[in-house]
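**Student:** got a structure for you, letters missing:
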Ligand SMILES: O=C(O)c1ccccc1NCC(=O)[C@H](O)[C@H](O)COP(=O)(O)O
């Protein structure tokens with residue numbers, strides 16, 4: 001096995017450093033394990049070939065080391081689970097290994113695991129870094145105090161259903177989006193409150209507000225400002241959620257709903273986060289991109305809203321027939337049985353596009369680029385639907 005260094009730990013634990021691309025990826029979970037970081041390479045579970053192992057001894061440490069090793073081990077189980085669910089997006093590698101690890105795994109350590117393999121993975125690793133900093137400044141306990149005094153949330157799913165009944169068209173979630181990794185700057189003259197008000201006037205049922213700063217030039221300040229400006233449409237916090245802490249934070253900043261991306265979150269995290277959303281009065285828009293993610297999400301109890309993204313977030317490829325493909329046959333039937341509202345997301349520019357995804361079975365659409373680029377984004381809504389849908 002070229003480029004591989006193996007270390008055999010006592011009693012019978014093997015580590016490998018490899019320059020090969022990972023086959024079995026290890027991810028940390030969002031469940032908040034306090035793993036510290038160092039320059040240690042990424043780790044993955046793998047069978048070790050005996051003839052390439054070298055034995056070294058590591059003596060056990062104290063209680064702190066034992067706890068760290070346990071946390072690390074739990075992280076390993078969770079990461080293995082994510083990979084087994086087909087999740088290709090890895091979490092930022094745990095970089096501080098247990099020094100005296102004495103457990104039941106066989107692991108492979110990889111240097112190249114320290115480089116994100118696509119834009120979504122890069123965003124997620126950056127988010128991991130940002131969230132860990134934010135959490136130090138605003139621990140969960142302090143957020144919970146704010147939530148006790150926060151105004152009630154508004155009914156996101158109800159607003160979409162009402163708009164659909166009123167117009168006979170999919171309810172619109174209009175996106176307040178200044179820029180994106182795939183398209184760059186969408187609107188130079190960007191006043192989030194003005195855009196939100198124009199969308200509301202133009203007939204949007206709900207709004208989606210990008211809060212990611214680095215890649216979308218959004219912010220939580222934008223979300224808060226729109227909420228405080230008296231906009232009545234319920235607000236989706238469009239974030240890359242990897243940690244339950246972000247859901248509490250979004251609630252404080254005025255969100256009525258939050259996005260959960262199945263390509264990033266294992267089932268257990270989605271279940272846990274959906275429960276937290278319910279507890280906080282938020283709707284969860286669970287986003288899928290392919291059949292496997294859809295099947296995973298359909299297996300989770302309590303999902304009310306599924307978004308089908310027509311944009312592959314790893315490659316940026318947009319194909320609106322994705323919505324149709326994922327709603328065909330038994331999946332569509334199950335969705336109707338469960339009374340789940342499906343949102344068609346991305347790449348919708350014309351009345352024909354809207355008609356196409358409606359025909360496929362969506363009751364709502366999430367649209368950014370095509371309307372935010374218009375000089376009057378509210379009027380852009382009329383162009384998108386082919387008629388005025390304002391109230
Ligand atoms: O839009 C991107 O380039 C992008 C890249 C990586 C992750 C997510 C990304 N976009 C999020 C979205 O899915 C869209 O903002 C949303 O569905 C609206 O899409 P559009 O109407 O095509 O602006």
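**Tutor:** Thanks, I have it. Computed from a predicted structure; not experimentally measured.

**Student:** Is residue 313 in a helix, a strand, or coil?
**Tutor:** In three-state terms, and counting by DSSP: H, G, I helix; E, B strand; the rest coil, residue 313 is coil.

**Student:** Does it touch residue 289 like I think?
**Tutor:** Yes: with contacts counted by Cβ atoms under 8 Å, residue 313 reaches residue 289, the gap being 6.8 Å. Glycine gets a C-beta too; all of them are placed from N, C-alpha and C.

**Student:** Between these two, which contacts overlap?
**Tutor:** residue 263 (Cβ atoms under 8 Å, 6 or more residues apart in numbering).

**Student:** ranges for the strands of the stretch 151-300 of the chain?
**Tutor:** For the stretch 151-300 of the chain, applying DSSP state E, counting those that start in this stretch gives strands covering 171-176, 179-180, 184-185, 206-210, 235-238, 257-261, 283-288.

**Student:** so which helix or strand takes in residue 73?
**Tutor:** Element membership for residue 73 (DSSP states H and E) is helix 63-84.

**Student:** For residue 227, which non-adjacent residue is closest in space?
**Tutor:** residue 254 (2.9 Å; Cβ to Cβ, 6 or more residues apart in numbering).

**Student:** check contacts around the one you found.
**Tutor:** With contact taken as Cβ under 8 Å, 6+ apart, residue 254 is in contact with 223-224, 226-228, 235.

**Student:** any idea how far it is from the ligand?
**Tutor:** Distance from residue 254 to the ligand, counting by Cβ to the nearest ligand atom, to the nearest Å: 19 Å.

**Student:** Equivalent analysis for residue 344, please.
**Tutor:** Between residue 344 and the ligand the distance, using Cβ to the nearest ligand atom, works out to 9 Å.

**Student:** Check what pLDDT the residue nearest to residue 185 when sequence neighbours are not counted gets.
**Tutor:** Distance criterion Cβ to Cβ, 6+ apart; nearest residue to residue 185, sequence neighbours excluded, is residue 179 at 4.8 Å. pLDDT for residue 179: 98.

**Student:** Could you double-check that residue 179 lies in contact with residue 212?
**Tutor:** No: look at residue 179 against residue 212 with Cβ under 8 Å: they stay out of range, at 9.9 Å.

**Student:** what about the residue nearest to residue 185, how many residues close to it?
**Tutor:** With neighbours defined by other Cβ atoms under 10 Å, the count for residue 179 comes to 19.

**Student:** Can you list the buried residues in the helix or strand hosting residue 142?
**Tutor:** Take DSSP H and E as the rule and residue 142 turns out to sit in helix 140-148. Within helix 140-148, the residues scored as buried using 16 or more other Cβ atoms under 10 Å are residue 143.

**Student:** That one packs against which elements?
**Tutor:** helix 244-252 (3 or more Cβ pairs under 8 Å, 6 or more residues apart in numbering; DSSP states H and E).

**Student:** Counting by contacts, list what the helix it packs on packs against.
**Tutor:** Here helix 244-252 touches helix 119-137, helix 140-148, helix 220-228, strand 257-261, helix 267-280, going by 3+ Cβ pairs under 8 Å, 6+ apart.

**Student:** surely residue 252 meets residue 147?
**Tutor:** Yes: between residue 252 and residue 147 there is a contact at 6.2 Å, judged by Cβ under 8 Å.

**Student:** that older thread, the ligand is nearest to which of the helices and strands packed on helix 244-252?
**Tutor:** helix 119-137 (5.5 Å; Cβ to the nearest ligand atom).

**Student:** What average pLDDT does that closest one get?
**Tutor:** The average pLDDT within helix 119-137 is 94.

**Student:** Which positions within that helix qualify as buried?
**Tutor:** For helix 119-137, a neighbour-count test (16+ other Cβ under 10 Å) marks 120-128, 130-132, 135 as buried.

**Student:** and it with the ligand, contact?
**Tutor:** Yes: Helix 119-137 reaches the ligand (Cβ under 6 Å from any ligand atom) through 119-120.

**Student:** List the neighbours of that helix that are in contact with it.
**Tutor:** Under Cβ under 8 Å, 6+ apart, the answer for helix 119-137 is 28, 89-92, 116, 181, 212, 214-215, 240, 242-243, 245-246, 249, 263-264, 313-314, 316.

**Student:** Which PyMOL command selects the buried ones in those residues?
**Tutor:** One line in PyMOL is enough to select the buried members of those, burial here meaning 16+ other Cβ under 10 Å:
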select buried, resi 28+89+90+91+92+116+212+215+240+242+243+245+246+249+263+264+313
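
**Student:** follow-up on the earlier one: would you mind giving the strands of the stretch 151-300 of the chain as a markdown table with distance to the ligand added?
**Tutor:** Below are the strands of the stretch 151-300 of the chain laid out as a markdown table (distance: least, Cβ to the nearest ligand atom, whole Å):
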| stretch | distance to the ligand |
| --- | --- |
| strand 171-176 | 5 |
| strand 179-180 | 3 |
| strand 184-185 | 9 |
| strand 206-210 | 7 |
| strand 235-238 | 7 |
| strand 257-261 | 9 |
| strand 283-288 | 8 |
